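Chemist: sequence first, predicted model second:
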Amino acid sequence: MTAARRPGGTQRIPSPAARRPAGRAVWSTATASLSLVDVLARVTDHQERLADDHTPRSDERVSAVLVALTDGPHGAEVLLTRRSEKLSNHKGEISFPGGRVDPDEDVVSAARREAHEEVGLVVHSSAVHGRLSSLSTFVSKSYIVPVVATVDDKPALSLQDAEVDRAFWVPLRELAAPDVFEWEWWSFNHSSDVERPMYFFYLHDETVWGATARVLHELLCVAHGVDHREPG
């Protein structure tokens with residue numbers, strides 16, 4: 001029997017008319033440990049094999065996000081934020097701490113700086129363990145590089161109200177649960193010939209989708225030791 005989906009949050013998802021349900025998560029039969037130590041080992045291995053298949057377009061601005069992990073009672077947990085309703089783009093959506101890369105810094109420095117500015121999180125350079133695949137967004141025309149790092153325990157956070165309404169930790173095990181994760185095939189521009197996978201994480205009070213869900217999907221695949229590329 002399929003698990004009843006959690007209610008999710010108030011985030012608005014602009015679903016196209018041409019969409020179809022997909023199958024189970026690729027990690028649904030995986031039995032890998034999701035302890036922080038094991039997840040980090042797989043992230044490091046993934047980093048060594050990672051090769052970007054595209055570079056930023058001329059109209060894209062390079063951004064970095066911090067995928068912060070910590071050890072919890074049920075294994076590795078990841079930090080998520082809800083963007084402020086005061087923002088012009090992606091308001092109220094669930095995201096990672098992050099933002100634009102300044103001309104005088106690299107993506108790791110930018111991710112660490114943005115995490116400190118947005119939620120008061122201090123991440124040492126030695127706590128950075130690698131990155132995940134870069135991705136592009138359509139609305140904000142961003143080229144996003146996810147940087148994976150760890151923090152000890154769960155430090156007290158200080159939110160910048162102008163950018164962040166909420167910050168919270170979620171166990172990877174919870175995100176991977178069948179009543180939380182769903183995915184669909186979406187067709188754009190009224191063409192069924194070009195479909196893209198769209199991922200969703202329905203928590204009890206928030207819905208994660210878009211670029212953040214794409215990063216989480218890859219993170220969970222890496223954590224479970226399975227290929228993050230969905231079959232076409």
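Modeler: Perfect, I can see it now.
Chemist: list the buried ones in stretch 30-47?
Modeler: For stretch 30-47, the buried set under the neighbour-count rule, 16 or more other Cβ atoms under 10 Å, comprises Leu34, Ser35, Leu36, Val39, Leu40, Arg42, Val43, His46. For the C-beta atoms, the positions are set from N, CA and C on the backbone; glycine is no exception.
Chemist: cool, stretch 97-117 as well?
Modeler: Within stretch 97-117, the residues that qualify as buried are 97-99, 101, 107-116, counting by 16+ other Cβ under 10 Å.
Chemist: helices and strands around the lengthiest strand in the chain, which ones?
Modeler: With residue count as the measure and DSSP state E as the assignment, the chain has strand 61-72 as its longest strand. Using 3 or more Cβ pairs under 8 Å, 6 or more residues apart in numbering; DSSP states H and E as the contact definition, the elements that strand 61-72 packs against are helix 36-49, strand 75-83, strand 98-100, helix 107-119, strand 142-150, strand 164-171, helix 210-224.
Chemist: which of the buried residues of stretch 30-47 lies closest to Phe138?
Modeler: Ranking the buried residues of stretch 30-47 by separation from Phe138, with Cβ to Cβ as the measure, puts His46 on top at 25.6 Å.
Chemist: just say helix, strand or coil for the nearest residue to Asn89 once chain neighbours are set aside.
Modeler: Distances taken as Cβ to Cβ, 6 or more residues apart in numbering put Ser140 closest to Asn89, at 4.7 Å, once the chain neighbours are dropped. Here Ser140 takes the coil state, with states given by DSSP: H, G, I helix; E, B strand; the rest coil.
Chemist: so His228 makes contact with Arg214?
Modeler: No. Counting by Cβ atoms under 8 Å, Arg214 is not a contact partner of His228; they are 9.4 Å apart.
Chemist: these two: who's more crowded?
Modeler: Using other Cβ atoms under 10 Å, the more surrounded residue of His228 and Arg214 is Arg214, with 22 against 17.
Chemist: report pLDDT for the more buried one.
Modeler: Confidence per residue is given as pLDDT, and for Arg214 that number is 97.
Chemist: Gly92 is nearest to which of the helices and strands packed on strand 61-72?
Modeler: Checking the helices and strands packed on strand 61-72 against Gly92 by Cβ to Cβ gives strand 75-83 as the closest, at 6.2 Å.
Chemist: tilt between the closest one and strand 164-171?
Modeler: 160 degrees (axes from the mean of the first three to the mean of the last three Cα atoms, to 10 degrees).
Chemist: what are the buried residues along the longest strand of the chain?
Modeler: Buried residues in strand 61-72, counting neighbours by 16+ other Cβ under 10 Å, are found at Val62, Ser63, Ala64, Val65, Leu66, Val67, Ala68, Leu69, Thr70, Asp71, Gly72.
Chemist: where does the prediction get shaky in the chain?
Modeler: 1-2, 51-54, 139, 189-193, 230-232 (pLDDT under 70).
Chemist: again, only this time at 80
Modeler: Using pLDDT under 80 as the threshold, the predicted model of the chain has low-confidence ranges 1-3, 51-54, 58, 88-90, 138-140, 188-193, 228-232.
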